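J.: sequence first, predicted coordinates after that:
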2 protein chains.
Amino acid sequence: MLNYQLDRTFAALADPTRRAMVERLVQGPATVSELAKPLPMSLPAAMLHLKVLEECGLVTSEKTGRVRTCRIDPLVLSQAEKWVGERRQMWERSLDRLGAFLDQTKPEDQS
Amino acid sequence: MLNYQLDRTFAALADPTRRAMVERLVQGPATVSELAKPLPMSLPAAMLHLKVLEECGLVTSEKTGRVRTCRIDPLVLSQAEKWVGERRQMWERSLDRLGAFLDQTKPEDQS
DNA sequence: AAAATACTTAAGCAAGTCCTTGACAATTGA
DNA sequence: TCAATTGTCAAGGACTTGCTTAAGTATTTT
């Protein structure tokens, strides 16, 4: 995943309005109005949030007639998950190496 | 995890400078200067990024003498990972339900 | 055709982010 | 003690974000 897309994805997830949209969309597709209705803001404001979600690839949409239907793309979601998970694993491996080092330098702790 | 802390955590991870700091810190603790040295910016600018990482809890630090040592806190990292992973799972379950629904309404596809 | 629905665009404003430089501790080494 | 090292604070400027209202377009419904 390109660095720039990671920037955009994490920035998109940093806003509670956009996370609420994601929460809605993981349950299935929704129209722009359905996404905007529960939000405490104007429709144009909600569309700007939607645009952010589309630009990072978290959401795709298609318009038929006058209705735009939005759905989530789980690939980008799992790429963000992967970045975080990999770093957590790296930290755990560092701890393991430190433990091994301590075991080696303090062999009296072994049976 | 509080919504506000998720905001701060994702916003922190949305910046490549701060992700670079995280990449460094998963390999073990580092001082402020060590974190700032590879970055194309002034030390005060790097410290602002560090402050963002501390405010969301991704990084903790302690000062002994004139040196501040920073280390990562994997808990906040795994909480962010958890939020994303749970939503991906919810989406997968929605797909499963849709599949089950289609199987039910088109029983001729079954043997 | 007229009215209602669903979405889109544009202008503009308040607040936040990210960086700079310059000045200022506090600690350690010569 | 003087100087170098390591970190911190403050003011300010360029840019981005998140929202508003007002005015549109395109598509259905009556």
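T.: Arrived safely. Numbering: from 1, shown residues only, chains lettered A, B, ... in the order given.
J.: list the helices and strands the helix or strand of chain A with the lowest mean pLDDT packs on?
T.: The weakest-scoring helix or strand in chain A, judged by mean pLDDT, DSSP states H and E, is helix A:74-105 (a mean of 87). Judged by 3 or more C-beta pairs under 8 Å, 6 or more residues apart in numbering or on different chains; DSSP states H and E, the packing partners of helix A:74-105 are helix A:3-13, helix B:16-25, helix B:74-105. Where you see a C-beta, it was placed from the backbone N, CA and C, and this is true even at glycine.
J.: residues contacting residue A:23?
T.: residue B:87 (C-beta atoms under 8 Å, 6 or more residues apart in numbering or on different chains).
J.: hmm, back to that, run the angle between the least confident helix or strand of chain A and helix B:74-105 for me.
T.: Helix A:74-105 and helix B:74-105 are oriented at 140 degrees to each other (axes from the mean of the first three to the mean of the last three C-alpha atoms, to 10 degrees).
J.: tell me how far the residue in chain A positioned nearest to DNA strand D lies from chain B.
T.: Here the residue of chain A nearest DNA strand D is residue A:65; by C-beta to the nearest atom of the strand that distance is 2.3 Å. Separation of residue A:65 from chain B (C-beta to the nearest C-beta, to the nearest Å): 23 Å.
J.: if we can go back for a sec, now the helices and strands packed on helix A:74-105 in JSON lines, with distance to DNA strand D?
T.: As requested, those are exported to JSON lines (distance: least, C-beta to the nearest atom of the strand, whole Å):
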{"stretch": "helix A:3-13", "distance to DNA strand D": "6"}
{"stretch": "helix B:16-25", "distance to DNA strand D": "13"}
{"stretch": "helix B:74-105", "distance to DNA strand D": "17"}
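J.: dump the ones you listed to a markdown table, plus distance to residue A:46.
T.: As requested, these are arranged in a markdown table below (distance: least, C-beta to C-beta, whole Å):
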| stretch | distance to residue A:46 |
| --- | --- |
| helix A:3-13 | 14 |
| helix B:16-25 | 28 |
| helix B:74-105 | 19 |
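J.: quick revisit: mind checking how far the residue of chain A closest to DNA strand D is from residue A:59?
T.: 20 Å (C-beta to C-beta, to the nearest Å).
J.: now the angle between helix B:16-25 and the least confident helix or strand of chain A, please.
T.: 30 degrees.
J.: any buried residues in helix A:74-105, and which?
T.: For helix A:74-105, burial by neighbour count (16 or more other C-beta atoms under 10 Å in any protein chain shown) applies to A:74, A:76-81, A:83-85, A:87-88, A:90-91, A:94.
J.: bridging residues for residue A:30?
T.: residue A:70 (DSSP bridges).
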